[in-house]
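1. How does the following fold in three dimensions:
(chains A, B, C, D, E and F)
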Protein chains: 6
Amino acid sequence: MTTAPIFADPESIPRVKAVFDDIRTTRKTEYVNNFWRALAFDPALLESTWAEVKRIMAAPSLLDPLTKELVYIAVSAANSCTYCVHSHTAAARAKGMTEAQHAELLAIIALAAKTNHLVNGLQVEVDPVYDTSAPR
Amino acid sequence: MTTAPIFADPESIPRVKAVFDDIRTTRKTEYVNNFWRALAFDPALLESTWAEVKRIMAAPSLLDPLTKELVYIAVSAANSCTYCVHSHTAAARAKGMTEAQHAELLAIIALAAKTNHLVNGLQVEVDPVYDTSAPR
Amino acid sequence: MTTAPIFADPESIPRVKAVFDDIRTTRKTEYVNNFWRALAFDPALLESTWAEVKRIMAAPSLLDPLTKELVYIAVSAANSCTYCVHSHTAAARAKGMTEAQHAELLAIIALAAKTNHLVNGLQVEVDPVYDTSAPR
Amino acid sequence: MTTAPIFADPESIPRVKAVFDDIRTTRKTEYVNNFWRALAFDPALLESTWAEVKRIMAAPSLLDPLTKELVYIAVSAANSCTYCVHSHTAAARAKGMTEAQHAELLAIIALAAKTNHLVNGLQVEVDPVYDTSAPR
Amino acid sequence: MTTAPIFADPESIPRVKAVFDDIRTTRKTEYVNNFWRALAFDPALLESTWAEVKRIMAAPSLLDPLTKELVYIAVSAANSCTYCVHSHTAAARAKGMTEAQHAELLAIIALAAKTNHLVNGLQVEVDPVYDTSAPR
Amino acid sequence: MTTAPIFADPESIPRVKAVFDDIRTTRKTEYVNNFWRALAFDPALLESTWAEVKRIMAAPSLLDPLTKELVYIAVSAANSCTYCVHSHTAAARAKGMTEAQHAELLAIIALAAKTNHLVNGLQVEVDPVYDTSAPR
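-> The predicted structure is shown next:
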């Protein structure tokens, strides 16, 4: 169950239909996943969220598409977002992630969490050599 | 300040010196950062942690070294680990991350956090099509 | 499934019945939600938790009842607490939250999470002008 | 120290100056806080982030300006973002938050965190009555 | 810097002095740490928080005093609360935690974080055998 | 549903069978829980994870077995890991945790989360007396 109403026919709302059509065209699939259907209860929130996801995740950029999905999975696992882990793992698979790469990704995420908690428990001080923020 | 004692001369302990030497050799640098110095109060914890970091982060693997650091930064930012963000941002730079790539990474991390919180607020249900766990 | 036993007839325990009755009176509803039923396995924990919720959330105070629920939803989404998001979204609706306000709340929570992660990734230093803690 | 370079004269970059000027005009203050100065290393990230903050936080909307800041503080405290807590507490004060309201806000955030962790420890099941997502 | 004012002479306020005196008596030390000094800006919040800490952490109970501090450190590290990790590590030391026990605690916290993130990444389903919540 | 394939007969893979057999021997039970079955998709990840869990949680050490499980539950609740809370609550019960101890554990976890969020909201500064990290 979601906390907002799910419309039986969200595409009867023109602004929602326009976003769903763009999702289908951009992703080259007929399937529009539940996240977008859930956001349809507020067309403005749907539009702005899709615009940002499209700009950052779907447009050509400096990082390759698979790397971007791996980073997305990492943040989602750390934030305990079940839906996000599922949807971005599926997206990473669609972009070529193999099972062996998935296992390696999980090992890195788990290691990072482990050392994050060690550092938080030890309260290690930041090394001055890491400072690259000197005014230019 | 850390929560465990920092030894003035950690390398006087043979097990600590062996790990520090391996860190220097593996990373091709004389510098041993504070995380390892903080762990030196317990040689067994230092040894097992370095062994895992070396195996997962330093050994050749399916994911390239820079991608692994980007994932590490992502988890660390999500877990609010200041030290970890600093040390792995420095590591990513050393492995070739440009400022433009850093900006893109931050934009992806921020977007993932945004949609994680939208999903947590909406409690979106997982699409059945994401199920790839059927027994084989 | 919960991690503690759920009693078939929790109100057969006088201390539990007293709390449940006070919940019904305070909230003007016959319904006692699962959180309180789960806490019934330990009457002391049930009593102290309800006393605090009643004092902070149900009593008249400086912040209006709806604002308090919005803050509660925000913390619960950030902490990935599914039950808490559901129960406090229902409470906010009962106190007058419209769908448009819900959408705006979600947009603020998502934006805050986005900038939280940008700041954690950038490690921005606190501006000295924010210091209002000078001894009085 | 930040993880990205801080420019000594960020406003020598026209795109950065345009955003800073808009921040000053929108907020009616000469002061541009460190978050925006840190984002200046990537004008595109600065522009898109400010555009979203301006649209959601600075424009008139359904929730009043102070309520929006209280929600922002709540998310930031839950996400352990030191800078964000400081900057939005200052913003809430500028919008009229009294010390007594601040204390009440903190009590609500703390109570929410407490019950979030109780629920996570107990794994309470969501009450079916909370389901308002039936298709319309 | 804190986000609330710190009083130069908090004990000039009778309600604050009463709590500080009880902290000193209960803990058998003249030192009142900064957490309580920060809470002094709101005597009611100070009183209710100390009452709960005293009841749960200082009173004799089923779990021994050191175990309670270890659990407190664990939650604080997971929630990235720097102050809390420092203050409760000091408290654990005062209650007899040795350096070797501290190292073991950190190893357990780190391992739990590691498997938490593995599980979040894998989305492992809960085993039905764990269900002990059947109505009684 | 998990994000990795679940093998119908994981023990047909010798490396997986060896780990499962060791789990059964170490824990003196025929039951191998879903976490290990989910990790079976990558024998190397399964082996290294079990080796660490066995070394830290199953071997005799300075902290008693029940205390270790309480700490594990605490981290898992703070990290919102549903599976981990369930599996380690079951493990704690198997090691003797009573319902009254469980209730007290939950009260401590909840109190720690409450003060964590109060501290994050107040940004309390660490007391210098907590510094025990002076070089030795």
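2. isn't residue A:100 right next to residue F:43, touching?
-> No - with contacts counted by Cβ atoms under 8 Å, residue A:100 stays clear of residue F:43, the gap being 11.0 Å. Quick note: C-beta positions are derived from backbone N, CA and C, even for glycine.
3. So these two - more neighbours on which side?
-> residue F:43 (18 against 14; other Cβ atoms under 10 Å in any protein chain shown).
4. in chain A, what spans have low per-residue confidence?
-> For chain A, the stretches flagged by pLDDT under 70 are A:134-136.
5. what does it have sitting close to chain E?
-> Within chain A, the positions adjacent to chain E are A:73, A:77-78, A:80, A:82, A:85-86, A:89, A:105-106, A:109-118, A:120-123 by Cβ under 8 Å from any Cβ of the partner chain.
6. Try it again at 6 Å.
-> A:77, A:80, A:85, A:106, A:109-110, A:113-114, A:117-118, A:120-121, A:123 (Cβ under 6 Å from any Cβ of the partner chain).
7. Neighbour-wise, which one of these leads?
-> residue A:77 (33 neighbours).
8. Go ahead and list the helix or strand containing the most centrally placed residue in chain A.
-> In chain A, the C-alpha nearest the mean C-alpha coordinate belongs to residue A:72, at 4.2 Å (Cα atoms, centre = their mean). Residue A:72 belongs to helix A:65-78 when assigned by DSSP states H and E.
9. how does chain A divide up, domain by domain?
-> A:11-59, A:62-115 (automatic domain parsing).
10. Can you check which of those gets nearest to chain B?
-> domain A:62-115 (3.5 Å; Cβ to the nearest Cβ).
11. The closest one close to chain D?
-> No - judged by Cβ under 6 Å from any Cβ, domain A:62-115 makes no contact with chain D; its nearest approach is 8.8 Å.
12. Now do the end-to-end distance for that domain.
-> 28 Å (Cα to Cα, to the nearest Å).
13. Then stretch A:75-87?
-> End-to-end for stretch A:75-87, by Cα to Cα: 13 Å.
14. near chain C, which residues of chain A show up?
-> So chain A meets chain C at A:3, A:42, A:45, A:80 (Cβ under 6 Å from any Cβ).
15. sorry, back to before: compute the inter-axis angle for the next helix-or-strand element following the helix holding residue A:72 and helix A:65-78.
-> Counting by DSSP H and E, the next helix or strand C-terminal to helix A:65-78 is helix A:82-94. Relative orientation of helix A:82-94 versus helix A:65-78 (axes from the mean of the first three to the mean of the last three Cα atoms, to 10 degrees): 160 degrees.
16. And for the helix or strand following helix A:82-94, what's in contact with it?
-> Moving toward the C-terminus from helix A:82-94, the next helix or strand (DSSP H and E) is helix A:99-122. Contacts with helix A:99-122, where a contact means Cβ atoms under 6 Å, 6 or more residues apart in numbering or on different chains, come from A:70, A:74, A:77, B:2-4, B:38, B:56, B:61-63, B:68, B:71-72, B:75-76, B:79, B:81, B:83-84, E:77, E:80, E:106, E:109-110, E:113-114, E:117-118, E:121, F:42, F:45.
17. repeat for stretch A:35-51
-> Against stretch A:35-51 from outside (Cβ under 6 Å, 6+ apart): A:2, A:4-5, A:7, A:10, A:15-16, A:19, B:122, B:124, C:103, C:107.
18. Nearest spatial neighbour of residue A:1, chain-adjacent residues omitted?
-> Leaving aside its sequence neighbours, residue A:1 sits nearest to residue D:131 (Cβ to Cβ, 6 or more residues apart in numbering or on different chains; 4.2 Å).
19. number of nearby residues for that neighbour?
-> Neighbours of residue D:131 using other Cβ under 10 Å come to 13.
20. Relative to residue C:89, how far out is it?
-> Distance of residue D:131 to residue C:89, computed by Cβ to Cβ, to the nearest Å: 11 Å.
21. rewinding a little: any idea which of the domains of chain A gets closest to residue C:29?
-> domain A:11-59 (25.7 Å; Cβ to Cβ).
22. measure that closest one end to end?
-> So domain A:11-59: terminal residues 25 Å apart, Cα to Cα.
23. OK, contacts around residue A:81?
-> By Cβ under 6 Å, 6+ apart, the neighbours of residue A:81 are B:116, B:119.
24. between the residues of chain A next to chain E, which is nearest chain F?
-> Using Cβ to the nearest Cβ, those come closest to chain F at residue A:80, 3.8 Å.
25. Now for that closest one: which residues touch it?
-> C:80, E:120, F:80.
26. Columns distance to residue F:95 on top of those residues, output as CSV?
-> Shown next, in CSV, are the contacts of residue A:80 (distance: Cβ to Cβ, whole Å):
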residue, distance to residue F:95
C:80, 27
E:120, 25
F:80, 24
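27. Can you confirm whether stretch A:8-15 lies near chain B?
-> No - Stretch A:8-15 stays clear of chain B (Cβ under 6 Å from any Cβ), getting no nearer than 13.7 Å.
28. Endpoint to endpoint, that stretch covers what distance?
-> Stretch A:8-15: ends 16 Å apart by Cα to Cα.
29. buried ones in stretch A:40-49?
-> Buried residues in stretch A:40-49, counted by 16 or more other Cβ atoms under 10 Å in any protein chain shown: A:40-43, A:45-49.
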